[in-house]
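next comes the sequence, and after it the predicted model I'd like to discuss.
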Amino acid sequence: MASNEQIELSREVDTTQIPSGIPHRLSAGTKVRLMQSLGGSYTVMTDIGYMVRVDAKDADALGLTPTAVADEATQEFSEKLVWDKLRTVYDPEIPVNVVDLGLIYDCHIAPVAEGNKIDIKMTMTAPGCGMADVLKSDIQRKISDLPTVKELNVEVVFEPPWHPGKMSEAAKLQLGLDLDSSPFPMH
């Protein structure tokens, strides 16, 4: 299905309004346009002009089939696996994952009895972003599914404040930001 093609919902769907994070129910027959399909969720624009996030479990209402996810239970736990999984969490407004956006400030992995404890500190692009709980929940769900994860703590922090200089160079290029004239430090 082409991005920005109009879709009529085949059934009622519970969504999350972007960027407020307010739960919103769309009725069957509502017309939407697919704006982004990344990380197992869908960002759509309603016919009355607001964006909402549709979870993968409701892909059928959009006439889509969710993409299959590799079974992490068969993979060996590693720090790389954790970071790879974090890269599957996307900001619903920006087609860049939370790692490349610079939203993950710290990821500490420590051994505990029969597994690992992971502490993650993350931020939002703006302190008033209503999507904090949604992104935090995405991270908790995806990291908890990894093998040997016994404890997980995801904390949203706002110090230091996020700024575009925290993004990876790849993210800046993807978003068309001029690396040479950025007013933010690149290191």
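Okay, I see it. Numbers count the residues shown, from 1 in each chain.

make it CA atoms for all contacts and neighbour counts henceforth
Fine.

what's near enough to touch Glu76?
Residues near Glu76 by Cα atoms under 8 Å, 6 or more residues apart in numbering: Pro147.

one more: Met167?
Asp100, Leu101, Gly102.

buried subset of those residues?
Buried by 16 or more other Cα atoms under 10 Å: Asp100, Leu101, Gly102, out of these.

thinking again about what came up before, which ones among the contacts of Met167 are found in strands?
Among these, DSSP state E puts none in strands.

now do the SS call for Glu76.
Of the three states, Glu76 takes coil under DSSP: H, G, I helix; E, B strand; the rest coil.

next: Val32.
Following three-state DSSP, the label given to Val32 is strand.

burial of the residue nearest to it when sequence neighbours are not counted, as a residue count?
Among residues not flanking Val32 along the chain, Thr46 sits closest, at 4.4 Å (Cα to Cα, 6 or more residues apart in numbering). If you count neighbours by other Cα atoms under 10 Å, Thr46 ends up with 17.

just Pro160 next, same as before
Neighbours of Pro160 under the rule other Cα under 10 Å: 8.

can you tell me which residues contact it?
Neighbours of Pro160 in contact, by Cα under 8 Å, 6+ apart: none.

how about Asp133, phi and psi?
Here is the backbone geometry of Asp133 (degrees, to the nearest 10): phi -70, psi -30.

show me what contacts the residue most central in space within the chain?
In the chain, the C-alpha nearest the mean C-alpha coordinate belongs to Tyr90, at 2.7 Å (Cα atoms, centre = their mean). Residues in contact with Tyr90, defined by Cα under 8 Å, 6+ apart, are Leu38, Gly39, Val96, Asn97, Val98, Leu135.
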